[in-house]
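Enquirer: Need coordinates for the below:
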Amino acid sequence: MVMQNLIIFNYKFLYEIIKELEENFNFIIIEENDEKNLNKKLKEDLNSLIVTNKKLDNIDNQLIINQSPVKLSYIIEKINIELHKLHFNEKSKIEIGKYLLDLNSRELILKDRILKLTEKETNMIIYLSKSKNGAGIDQLQLHVWGYHSKLETHTVETHIYRLRKKILETFYDKKFIVSNKNGYQIK
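Expert: Numbers count the residues shown, from 1 in each chain. Here you go, the predicted structure:
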């Protein structure tokens with residue numbers, strides 16, 4: 001697991017308190033007082049939570065603690081909650097080739113283009129992306145639809161056809177899902 005960073009920005013008093021307790025935490029504690037350096041660090045590593053006493057413009061993942069007095073247990077609880085949210089959001093995005101699949105919003109993203117997906121389309125893309133040699137209709141029925149049928153059905157082919165069409169219309173990509181001897185595969 002990648003360690004998360006807690007960047008305490010321009011808040012020396014809080015940094016000194018949290019730093020004393022560092023061995024009890026599961027994150028790296030960093031002090032930063034310069035906004036340019038902060039932006040540089042955030043570009044290098046998106047797995048960071050910024051704790052500050054005033055809102056910073058154009059920066060995500062901020063925890064603003066501007067009330068006083070405040071219990072240390074409250075601050076630590078808030079930090080842990082925000083780091084869990086950050087971890088959850090990070091895990092909700094999957095890179096598939098040149099695309100980004102956002103599991104929370106069920107969107108396939110390429111640069112500034114976004115394609116809304118159904119739950120089945122999202123599950124098909126995930127399954128096909130994990131399949132190294134491709135997946136046949138039977139495998140997709142079992143793992144995406146949750147049933148195995150000996151009867152001929154065109155459900156999978158219909159869904160694949162519609163998904164390919166949506167991808168072609170949005171991204172102009174004819175080769176996102178290809179057919180091979182083993183079935184369907186994402187290239």
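
Enquirer: same for the least confident helix or strand in the chain by mean pLDDT, what does it pack against?
Expert: The helix or strand of the chain with the poorest confidence is helix 35-44; it has a mean of 83 (mean pLDDT, DSSP states H and E). The helices and strands touching helix 35-44, judged by 3 or more Cβ pairs under 8 Å, 6 or more residues apart in numbering; DSSP states H and E, are strand 4-9, strand 27-32, strand 48-52. C-beta coordinates here come from the backbone N, C-alpha and C atoms, glycine included.

Enquirer: neighbouring strands for the second one, and are they parallel or not?
Expert: Taking DSSP bridges as the criterion, strand 27-32 sits next to strand 4-9 (parallel) in its sheet.

Enquirer: The shortest one too?
Expert: The strands beside strand 48-52 in its sheet (DSSP bridges) come out as strand 4-9 (parallel), strand 62-64 (parallel).

Enquirer: Tell me what angle the first one forms with helix 35-44.
Expert: If I follow you right, that is strand 4-9. If you take axes from the mean of the first three to the mean of the last three Cα atoms, to 10 degrees, strand 4-9 sits at 170 degrees to helix 35-44.

Enquirer: before we move on, back to that, now the strands paired with strand 48-52 as JSON lines including distance to Thr118, mean neighbour count and mean pLDDT?
Expert: Output for the strands paired with strand 48-52, formatted as JSON lines (distance: least, Cβ to Cβ, whole Å; neighbours: other Cβ atoms under 10 Å; pLDDT from 0 to 100):
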{"stretch": "strand 4-9", "distance to Thr118": "32", "mean neighbour count": "22", "mean pLDDT": "91"}
{"stretch": "strand 62-64", "distance to Thr118": "34", "mean neighbour count": "15", "mean pLDDT": "93"}
